[in-house]
Structure formats: structure tokens, C-alpha cells
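In: Next come a sequence and a model predicted from it.
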Amino acid sequence: MRRYINVSVAVVMMIFLSGCDSPQITSVESHVFKSLLFIGPFIGMMSWCIFLMNKHIVREDGRTDERRCSIVGIIVFPVFFVGAFGWEFGFNWISMTIAVIGGMIIGWFSYTLDELMLNFWEERRTMIPAICGLLLGGWMCTIMFTHVWLEGDMYVTDTASVKRVIVERYTYHYRDDKDGGSYYEWDYYSHAQRFALGDIYPDLKEDVDYKLGVGELLKKDRIGKTEYYRFIGGYLFSERSQRWKEFRWLLLSNPSLHFMIGKVQRVQSDFYGKPIHNAGEVSDYASLPVVSGSPRLPTERDLPPAMFEFKAVMLGIDFVRMIFTEHEYRSVLYGLLAFLGIFGMVALLVRDLRRPIGIFLACASIAPLLIFLIIAGRTGGLGNIRIGSSDRGGRFGGGGSSGRW
């Protein structure tokens, strides 16, 4: 066990040192270290409270009084969570809501969590690597969309907006069960969108931009969802070539993010290059580029795809492509290779650690895929990936007939 701990500490230290010369890696490492300073004491204090409650809140026969333990828990833990989350994330309604709900859940089940934690510790050689892998993979994937990875000076000259409509086609299916019942579903059929310069969203009208049809049982196509997007357009300054690049559009991750037109501003973006923060106006910059003519409107290629099938996998493919081809992510590539190389070396040298390392790496790979699936399904996808649309109705389930058009 001592050798296991020593090697684990050495691996963590080597991973941290492997990328310390890169500002991006250093920033991520600093974020990891600060998170550990919060997570470690938080979990330790929560576990101590659970064990203490189960030890002292007991009946006459010495067993835990489950009802009293739950009542005390739903009073103590929400207060503890609110204080901890408020200190770390601020006393805003999002963090406070999560704190209260999480605290009440932990508090209500506090009478049984001590047994789960004891069972967890008995299987620590499997559970600790698995949980650490899920936490690391999930955390790294999350900061890809919330952490500042890129920044640059942009001379903002225009803004643009787009409104997208997703049309769903009604399809009828026969269900093969003992009741002989049937049901209908809505499936993606097509989408329409319109672009416009400025911040006013254009309108999309039925029979003009898109047309709804009628299928079996006179069920009419419906609009599944409407998505709005905003862009800023301008010229980014290249520090390497010391000149302004050609005009381009940037899709805003946060629609309420504001950039002043006619000003040079410091744009801070997530891993996929979408602005997530305006660092303010830049006063010292090179001579402004010569602006000729009106800018082009954004096109469908500037938007996330409308369909979400395979989008999570494609986000992962895009991540691999970017770290191998984009100069800005060369340090990320080196850090990732060092991460895998160190674990591979330890697995070869220490036979007892091969299984824990395999579990850790597998779980660290699964977590990003799950988060990609959630993000892809709820946001319409990220990155510059497109999937072609289909002109057919849905053909799934039931083994019966699809809608006829």
C-alpha cells in the first residue's frame, strides 16, 4: 500500500511538472490545484459528519436511528453545503440551489452512507481509480467549454444573428405487443434558418422559409425547437505574423455577451474557439486593417449542425484533430502525451498498478463521452462540424409502417 501511494504521488507530480512551461497548461494545473484544495477538505468534512451522526444518533439497541439521523441531516448538510459552495463559487442562485438540493439529498440518506463508504474503502483498489478517472475526465471535459483557452485582440466591425427552426415530421408506428396498440412519434425532418446583420433576429415564416406537411391521421408536422445564435465579426490580430488576419465570424457561446462595434477588444474563448468572455477594450494596438466593402453574411457552415446523431463522437474527433493540427494547442498535445506516457511507464514497471491504471484511464475516457452526449443533445453541438440532413421521415421502432408522404 505504501508503494502504491508513493508511486501515485510521483505520477501526479510528474504530470504537473510536464507542462509547467506552457501558459495554458499552467492555468489548467492551477485550476486543478485550487479545486483539490476545495474538494479534499469538503469531502473529508462531509464524511466525518456522516460517521459522527451514525455513531451518536442511535436507538437503545445501538443501531442508527434512521429517522432522527435523516432529520438532523436535512438541517445540517444544506447549511454546510451553502457555506462551502458560497465560499468557493459565490452566493448566486445557481450555486445555492445546487447546494440546498445536494445537501438535502446527502442529509436524508446520511443514515446509510456510512455503510456505503465503508464498502467503498474495502474495494478501494478498484473504486478509487474509477472515481478519480471519472472526476478527472469529466472535469477536463467541462473546462473545455468554461475555461479560457484562447485569447486575442479583435477589431469588431459587425454583428450578425440567425434564427433556426427545426421541423419534425409525424410518423405512425404499430407496436408489437399483446395489446396490439399503436402510437405516433415526431422525428427530425428538415430545418430552415435565416441570417441577418445586426442583433435583431430575423423571422422565419411558414410557407415562406419552411413548409409543414400532413401525414397519417391528419397529424401535421410541428416545429420541434427554435434556436437563436449571435455572431461578432471582425479581424483578429496575429501575434506571430504581427498583422491582422482576414475577416471572420465568431459564434458567441453566451448570447448575452457584448462586444462594442468599431473597437479593438480582447476576446477570450473556450477550447473550440467560441468567445466566453470580453476582457475589455485594447488601447495599444497596431494600425487598424483596411475594411473594404460590406462583410459576408454567416453561412450554415458557421453554425453547429441541426441534427445531434453522432455529434458526441464527432466532438471527440474534433478535439483530436485540433490538438494535432492547431499550433495553439501544441502544449496540450505534449501534456496529454506526457500524461499517457508516464502512466504507461508506471504500468510496465509496477505490475500491481496495471489494473488500477487501466481502470483510471478507461473511466477518464468514458466521462468526456457522456458529457459530449449531454452537450450535443442540449445545445445542438459545438465546433465547426456539419452533418447532412435527411429528407425522409423517421423509420424507427415498432416493425410497422412509417408515415407516408
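Out: Received the coordinates, thanks.

In: From residue 250, how far out is the residue of the chain positioned farthest from its centre?
Out: For the chain, the largest distance from the centre (C-alpha atoms, centre = their mean) belongs to residue 60, which lies 49.1 Å off. As judged by C-beta to C-beta, to the nearest Å, residue 60 and residue 250 stand 68 Å apart. All C-beta spots, glycine's among them, are computed from the backbone N, C-alpha and C.

In: likewise residue 265?
Out: Applying C-beta to C-beta to residue 265 and residue 250 gives a distance of 11 Å.

In: any residues in contact with both of these two?
Out: Shared contacts of residue 265 and residue 250, defined by C-beta atoms under 8 Å, 6 or more residues apart in numbering, are found at residue 154.

In: tell me, how many neighbours does residue 103 end up with?
Out: Number of residues near residue 103 (other C-beta atoms under 10 Å) recorded here: 24.

In: brain fart, residue 187
Out: Neighbours of residue 187 (other C-beta under 10 Å): 18.

In: Need the three-state assignment for the most centrally placed residue in the chain.
Out: Nearest to the geometric centre of the chain sits residue 142, at 4.4 Å (C-alpha atoms, centre = their mean). Under DSSP: H, G, I helix; E, B strand; the rest coil, the three-state class of residue 142 is helix.

In: So it versus residue 337, what's the distance?
Out: 22 Å.

In: what do you get for residue 239?
Out: 25 Å.

In: Poorly predicted segments of the stretch 101-250 of the chain, please.
Out: Along the stretch 101-250 of the chain, segments meeting pLDDT under 70 span 174-181.

In: mind listing the helices for it?
Out: In the stretch 101-250 of the chain, the helices defined using DSSP state H, counting those that start in this stretch lie at 110-122, 124-146.

In: Of those helices, which is nearest residue 347?
Out: The minimum distance between residue 347 and the helices of the stretch 101-250 of the chain falls on helix 124-146, with 11.7 Å, by C-beta to C-beta.

In: just to revisit the earlier point, what helix or strand does the residue farthest from the centre of the chain sit in?
Out: Assessed by DSSP states H and E, residue 60 sits outside every helix and strand.

In: how close does residue 284 get to residue 238?
Out: Residue 284 is 16 Å from residue 238, by C-beta to C-beta.

In: between those two, which one's more packed in?
Out: residue 238 (13 against 6).

In: wait, the more buried one sits on residue 246?
Out: No - using C-beta atoms under 8 Å, residue 238 is not in contact with residue 246; the gap is 10.5 Å.

In: All the strands of the chain, residue numbers only.
Out: For the chain, the strands defined by DSSP state E occupy 150-174, 182-197, 222-238, 243-244, 248-251, 263-269, 275-281.

In: What is the burial count for the residue lying closest to residue 113 once chain neighbours are set aside?
Out: The shortest distance from residue 113 to any non-neighbouring residue, by C-beta to C-beta, 6 or more residues apart in numbering, is to residue 50 (5.2 Å). Using other C-beta under 10 Å, residue 50 has 23 neighbouring residues.

In: Also residue 327?
Out: 7.

In: Can you tell me what sits against stretch 238-252?
Out: Contacts for stretch 238-252 (C-beta under 8 Å, 6+ apart): 152, 154-155, 157, 160, 229-237, 267, 269, 273-275, 286, 288-289, 295-296, 298, 302-304.

In: The nearest residue to residue 79 once chain neighbours are set aside: what's it in contact with?
Out: Spatial nearest neighbour of residue 79, excluding adjacent residues (C-beta to C-beta, 6+ apart): residue 103 at 7.3 Å. Applying C-beta under 8 Å, 6+ apart, we find residue 103 in contact with 74, 77-82.

In: circling back: who's more crowded, residue 239 and residue 337?
Out: residue 337 (12 against 9).

In: what about that one, distance to residue 33?
Out: 22 Å.

In: and if you look at residue 87?
Out: From residue 87 to residue 33 the distance is 17 Å (C-beta to C-beta).
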